[in-house]
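Undergrad: Sequence first, then the predicted structure, then my questions.
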Amino acid sequence: MDLVPVLARWLHFLAGVMWIGLLYYFNFVQVPALKAAAADGTAGGITKHVAPRALLYFRWAAVVTWLAGAALLGSNFVSAFTLQKGYAAIGIGAWLGTIMLVNVWALIWPNQQKILGLVPATDDEKNKARRAALLASRTNTMLSIPMLFFMAGGLTHKAAFGL
Amino acid sequence: MKNPLDSLWGTIISGLVLTAILYFVVKNFLV
């Protein structure tokens, strides 16, 4: 038994559950909760104590998921990313996951730092950051749907693609 | 036109539509 793919797949799933689980938490729980909390003046607890911790695990789980996925692809890495015959489905999944990782570090995290006051920003900059972070986060939620479809390759998927 | 990503249902439906489009492309042109 080759231990590297076994451990890489396990770690890919563990970190992926944490990443996408927190992504869904932000979109399905925290954003609607913050609206309600802002109305009764209790949003401070979420933005001060919950959001920074959730974002910490969220952004680093994204990195670990990608690295473990790359290790799992191993020598098939290039074949997957260039969508070679037999690797197109996992390649699409890998591309979607990569776009999502870039979204986390280039859009969501820098904008969240402004929103949460971790870096200085004017009220106008914070409002723009809120919109950019929301759209980036929603984009990742949207992309997670096909990403998980293409990642979850198995016997049923081979049948779905007529293989 | 309203941005579908402004609502959770719009986001989910967009994801499902994108899945169907990518599945069609992969099955017919890439596999």
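TA: Perfect, I can see it now.
Undergrad: Next up, identify which helix or strand the residue of chain B found nearest chain A is on.
TA: Closest residue of chain B to chain A, C-beta to the nearest C-beta: B:G15 (2.9 Å). Every C-beta, even on glycine, is put in place using the N, C-alpha and C of the backbone. Assigned by DSSP states H and E, B:G15 belongs to helix B:8-25.
Undergrad: For that helix, buried residues please.
TA: Across helix B:8-25, burial judged by 16 or more other C-beta atoms under 10 Å in any protein chain shown covers B:T11, B:S14, B:G15, B:L18, B:T19, B:L22, B:Y23.
Undergrad: who's in contact with that helix?
TA: The contact list for helix B:8-25 (C-beta atoms under 8 Å, 6 or more residues apart in numbering or on different chains) reads A:27-28, A:92, A:138, A:141-146, A:149-150, A:160, B:2-5.
Undergrad: what does chain A put close to chain B?
TA: Neighbours of chain B within chain A, by C-beta under 8 Å from any C-beta of the partner chain: A:27-28, A:83, A:85-86, A:88-89, A:92, A:134-135, A:138-139, A:141-146, A:149-150, A:160-163.
Undergrad: List only those of these flagged as buried.
TA: The neighbour-count test (16+ other C-beta under 10 Å) marks A:27, A:83, A:88-89, A:92, A:134-135, A:138-139, A:141-146, A:149-150 as buried among those.
Undergrad: returning to that earlier point: next step: the residues of chain A next to chain B restricted to helices.
TA: For the residues of chain A next to chain B, the ones inside helices are A:88-89, A:92, A:134-135, A:138-139, A:141-146, A:149-150, A:160, with DSSP state H as the criterion.
Undergrad: Once you drop chain neighbours, what's closest to A:A54?
TA: Spatial nearest neighbour of A:A54, excluding adjacent residues (C-beta to C-beta, 6 or more residues apart in numbering or on different chains): A:L22 at 5.5 Å.
Undergrad: Run a quick neighbour tally on that neighbour.
TA: 21 (other C-beta atoms under 10 Å in any protein chain shown).
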